[in-house]
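1. The sequence isn't on hand, but the structure is:
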């Protein structure tokens, strides 16, 4: 099987390296604290307990006075500790209380809309889902 040498290859060779398309590197400081995907992966891989029970559903809804903790295995604690070390500058939301030494957190109240880090127009969301029915 030979290499592809068609017109597309010739264009790419003529243009050279295209920044942003050919050289993707992670940005400095882009780690677990800026992404929800690694946090969801912790839940999916059963590293997180809620009230002593394993939770593997990323969209699990916690209630006030729920205790969120890490599993008692060394691997789970190491992953959580790496996250805590990398996110020392983060401000903890007011609806959560965290105990660093015990790897436990407490849900004080339901999250307020202003603490969500996304700017969402609720009217557009309602309009979108009303069209699907």
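-> Yes, it's here. Just so it is clear, the model here is predicted, and its values are computed rather than measured.

2. Next one: the nearest residue to residue 111 once chain neighbours are set aside relative to residue 86, how far apart?
-> Leaving aside its chain neighbours, residue 111 sits nearest to residue 95 (5.0 Å; criterion: CB to CB, 6 or more residues apart in numbering). Just so you know, the C-beta spots here come from the backbone N, C-alpha and C atoms, and that holds for glycine as well. Going from residue 95 to residue 86 by CB to CB, to the nearest Å gives 22 Å.

3. Repeat that for residue 48.
-> 18 Å.

4. Tell me which of those two has more neighbours.
-> For residue 48 and residue 86, the more surrounded residue by other CB atoms under 10 Å is residue 48, and the numbers stand at 21 against 14.

5. Surely the more buried one touches residue 73?
-> No. Taking contacts as CB atoms under 8 Å, residue 48 lies outside contact range of residue 73: 11.9 Å.

6. Quick check: buried residues in the lowest-mean-pLDDT helix or strand in the chain?
-> One helix or strand of the chain scores below all others by mean pLDDT, DSSP states H and E: helix 7-15, with a mean of 73. By neighbour count on 16 or more other CB atoms under 10 Å, the buried set for helix 7-15 is empty.
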